[in-house]
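Colleague: Predicted model, plus sequence, below.
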Amino acid sequence: MKIKIALVAAFLLTTFAAVAQQAQVEPSATELQKHVSYLASDKLDGRRTGTAGANDAARYIAAEFERLGLRPAPATDSRKINVMSARYLQTFPYIGRVDLGKNNVLSVRGGETLRVGEDWMPLGISPNQKLDLTGVVSAGYGITANELNHNDYKGTYSKTQAALIQKGTPDGDNPHGKFTTAGQLRFKVAAAQSAGVGALLIISSEDNLKDDALASLRYDNAGLAGIPVAVISKQAAAKLANAKEVTLRTDVVRADVPAHNVVAVIEGSDPVLKDEYIVVGAHYDHLGRGGEGSLAERPGEIHHGADDNASGTAGVLELARVFSAQRSRLKRTLVFIAFSGEEEGLLGSNYYVNHPLTPLDKTIAMINMDMIGRMKDGKLSIGGVGTAKEWRQIIGTGETFALTLNEDGYGPSDHSSFYMKQVPVLFFWTGNHSDYHKPSDTFDKINYDDEARILTMVARIVRDIDGAGQRLSFTTAKADPPRGGGFRVYLGTIPNYADTNDGLLLDGVRDDSPAAKAGLKAGDRIVKIGNRDVKNVYDYTYALGEMKAGQEYVFEVMRGGEKLTLKVTPEARK
Ligand SMILES: [Zn+2]
């Protein structure tokens, strides 16, 4: 008996000791380094959404969730999948492959037929159309920028003409030149559309068309262009220059590839409050080997994305470990999400908030961590403090960081998607650095000790929200003043950046803004401004750049199947 009691006592003691120990789990720099060095390794090839590297990262995160004892979200769409870790994946549509179709034609009547792939190539963003053109007009760099007093489209054009333009800008390749924005491909397309031509042909800067990045059939998941767009060789351009009858037919096949958010939950223990949710998230995708979004000097190198955002992903995994060990203390349910498609425009989080796996109206807060690995001198920026009445008090001054607090709930990362659904958000960020979006953002440059301290603060904030009797009270935040450049006019619209070809969807409209006064609402789709078609966010941004404050513009808007006409008067930017 005694021995037995002693054994039981010993067992109880070790159990209690284990519980006591569990309660003291803190974010660990060693664990963070383990995650970041894997996620940012060459093996994952830069984790570009839709690639094998990104999918390996998703599997790693799912396996960690499983190992830590987290459960898949109750409504995961892939519940029937037998492989346990696959049940943590939420798949969303993503075009990751572009191939040439069979029906590409560029020919001059009475002249020769130009060879696709050799003499010309449609772009991945090009719609499939057949055009009988009456001519090709040269239009310089194809840039129209009112504020720079530059206009390459001086004539009157028709849909049966194609514009022939140079790559680059009058500034050359200067990445900090004044034409950087107006010279982007998407804005050149918008300028051509707006000028009224039916197609855009861009002359290659390379002697061999195949060496031109434009010929690589990429798609940015931001909607098709409104007119066919192709790159053509210098020789082909010369042949087209004086042609009178040109046939252009584009045929591009865009294919979905798997892209996944990774979602896991720790259920709360309060019988009532467990139906409220706190989301802790970070994006795990990055830029792969460059392309859209890259600031690298040379193409083709692996962009490791250690700070952006293996650091935040490791943060999600560490917080999952910390809270899994203290799960009995949680009242509410925690939802951990690693998003993909962030770099392409918040695609994963955008999909998630429109297909949530736990109810969004019962989601009381979303905490986003994006680039939290490069803390210097204790500087930490927290965005979204204007999105709940209680945030400033909860953030408090308990921790010894040099805090910069920003009100706005919108910003360049996944918390925006939740804020537009009226969820209070916080956005943790340790600031920009010279390795941002370059191959040199590597794991050895991460400040793991300070990242662990940040996570200790985040964990404390999560406990405070979780322990409160009342849920946070959502408030609409003041917008931060626009940083640098930007537009001269202000509308107060919040565009949706997801893939679209049929107008610009509004995620929201700021209170008391010109857009709100004109009657624009979240969910509206802007299809026309003046006589300009708006197919996607670039067309919209371009139109905004051409507007003048105080002048009235007619917006054509689709709302619930109905076409509305609204008059919008932009204000000057303050
Ligand atoms: Zn990034």
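Modeller: Sure, I can see it. Numbers count the residues shown, from 1 in each chain.
Colleague: Stretch 395-411: which residues count as buried?
Modeller: For stretch 395-411, a neighbour-count test (16 or more other CB atoms under 10 Å) marks 395, 401, 403, 406-411 as buried. Just so you know, the C-beta spots here come from the backbone N, C-alpha and C atoms, and that holds for glycine as well.
Colleague: Out of those residues, flag the one nearest to residue 156.
Modeller: residue 410 (39.4 Å; CB to CB).
Colleague: just checking, the closest one touches residue 416?
Modeller: Yes - using CB atoms under 8 Å, residue 410 makes contact with residue 416 at a distance of 4.9 Å.
Colleague: which secondary structure element contains residue 409?
Modeller: Under DSSP states H and E, no helix or strand contains residue 409.
Colleague: check contacts around it.
Modeller: 383-384, 386-387, 415-416, 419, 424-425, 477 (CB atoms under 8 Å, 6 or more residues apart in numbering).
Colleague: Then residue 197?
Modeller: Per CB under 8 Å, 6+ apart, neighbours of residue 197: 137, 139, 153, 157-159, 161-163, 227.
Colleague: swap the cut-off to 6 Å and go again
Modeller: 157, 161, 163 (CB atoms under 6 Å, 6 or more residues apart in numbering).
Colleague: Same check on residue 373?
Modeller: 307, 311, 446, 451.
Colleague: and those residues as TSV, adding secondary structure, neighbour count and distance to residue 197?
Modeller: Listed next are these as TSV, based on DSSP: H, G, I helix; E, B strand; the rest coil; neighbours: other CB atoms under 10 Å; distance: CB to CB, whole Å:
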residue	secondary structure	neighbour count	distance to residue 197
307	helix	29	42
311	helix	31	45
446	coil	26	49
451	helix	27	51
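Colleague: Which two among those residues are spaced furthest apart?
Modeller: Farthest apart among the contacts of residue 373 - using CB to CB - are 307 and 451, which lie 9.6 Å from each other.
Colleague: what about the closest residue to residue 357 other than its chain neighbours, distance to residue 324?
Modeller: By the measure of CB to CB, 6 or more residues apart in numbering, the closest residue to residue 357 outside its immediate chain neighbours is residue 73, 3.6 Å from it. Distance of residue 73 to residue 324, given as CB to CB, to the nearest Å: 15 Å.
Colleague: Would you mind giving the contacts of residue 197 as a markdown table with secondary structure and distance to residue 244 added?
Modeller: Formatted as a markdown table, these follow (DSSP: H, G, I helix; E, B strand; the rest coil; distance: CB to CB, whole Å):
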| residue | secondary structure | distance to residue 244 |
| --- | --- | --- |
| 157 | coil | 16 |
| 161 | strand | 11 |
| 163 | strand | 16 |
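Colleague: which of these has the most neighbours?
Modeller: Within the contacts of residue 197, residue 163 tops the neighbour count with 26 neighbours, counted by other CB atoms under 10 Å.
Colleague: my read: that one touches residue 200, true?
Modeller: Yes - with contacts counted by CB atoms under 6 Å, residue 163 reaches residue 200, the gap being 5.4 Å.
Colleague: Name the residues contacting each of these two.
Modeller: In contact with both residue 163 and residue 200: residue 192, using CB under 6 Å, 6+ apart.
Colleague: For residue 117, state which of the contacts of residue 197 is nearest.
Modeller: residue 163 (22.2 Å).
Colleague: I'd like the distance from that closest one to residue 143, if you could.
Modeller: 11 Å.
Colleague: next one: residue 515
Modeller: 27 Å.
Colleague: What of residue 372?
Modeller: 38 Å.
Colleague: Specify the beta-bridge partners of the residue lying closest to residue 543 once chain neighbours are set aside.
Modeller: Distances taken as CB to CB, 6+ apart put residue 529 closest to residue 543, at 4.6 Å, once the chain neighbours are dropped. Taking DSSP bridges as the rule, residue 529 bridges to residue 532, residue 555.
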